[in-house]
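Colleague: below is the structure, and that's it, no one-letter string:
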């Protein structure tokens, strides 16, 4: 597994990594029992295309089951790990920041259910490939 670095152009298709963004929905929680299932679904979604998957150092991503699966999928899947304690190179941090500023900044949710609803609504509003590419560019990974 390589480390992701700011300034690296992930739009370079020489490795088959250019293309769409794919975002798991709320069914995908961070645990090792589901990460390999997510990767299998992702492989089916990509239907033969190659992928560079950039993720953080979450223990579920480093589990034996996930690591073994990733090794067996080297024909289509490469992974890169974001450096620890470097939110400035993690695109999701830009996404959360934009969501909080534009959609949730003055929200006074009365309870977790209403907060969850507001976050899901904001997530749908932000589901735009150009916006998401902007988060990648801000992180230096695109």
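Modeller: In hand now; what should we look at? In this text, all values refer to a predicted model and were calculated from it rather than measured experimentally.
Colleague: which helices and strands sit right next to the helix or strand where residue 92 lies?
Modeller: According to DSSP states H and E, residue 92 maps onto helix 91-99. Counting contacts by 3 or more C-beta pairs under 8 Å, 6 or more residues apart in numbering; DSSP states H and E, helix 91-99 is packed against helix 112-125, helix 129-139. Every residue, glycine included, has its C-beta placed from N, CA and C.
Colleague: redo those helices as TSV? Include distance to residue 98 and mean pLDDT.
Modeller: Listed next are the helices and strands packed on helix 91-99 as TSV, based on distance: least, C-beta to C-beta, whole Å; pLDDT from 0 to 100:
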stretch	distance to residue 98	mean pLDDT
helix 112-125	9	92
helix 129-139	7	90
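Colleague: pick the most deeply packed of those helices.
Modeller: Greatest average neighbour count among those goes to helix 129-139 (a mean of 16), per mean count of other C-beta atoms under 10 Å.
Colleague: mind giving me the packing neighbours of it?
Modeller: Using 3+ C-beta pairs under 8 Å, 6+ apart, helix 129-139 sits against helix 91-99.
Colleague: got the buried residues for the helix it packs on?
Modeller: Neighbour-count burial for helix 91-99, counted by 16 or more other C-beta atoms under 10 Å, picks out 91, 93, 94, 95, 98, 99.
Colleague: who touches it?
Modeller: 54, 87, 119, 122-123, 126, 131-132, 134-136, 138-139, 141 (C-beta atoms under 8 Å, 6 or more residues apart in numbering).
Colleague: dump the residues you listed to CSV, plus distance to residue 107.
Modeller: Shown next, in CSV, are the contacts of helix 91-99 (distance: C-beta to C-beta, whole Å):
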residue, distance to residue 107
54, 29
87, 22
119, 9
122, 9
123, 14
126, 15
131, 20
132, 22
134, 23
135, 21
136, 26
138, 23
139, 25
141, 29
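Colleague: check these and tell me the two furthest apart.
Modeller: The span of the contacts of helix 91-99, defined through C-beta to C-beta, is set by 119 and 141 at 23.8 Å.
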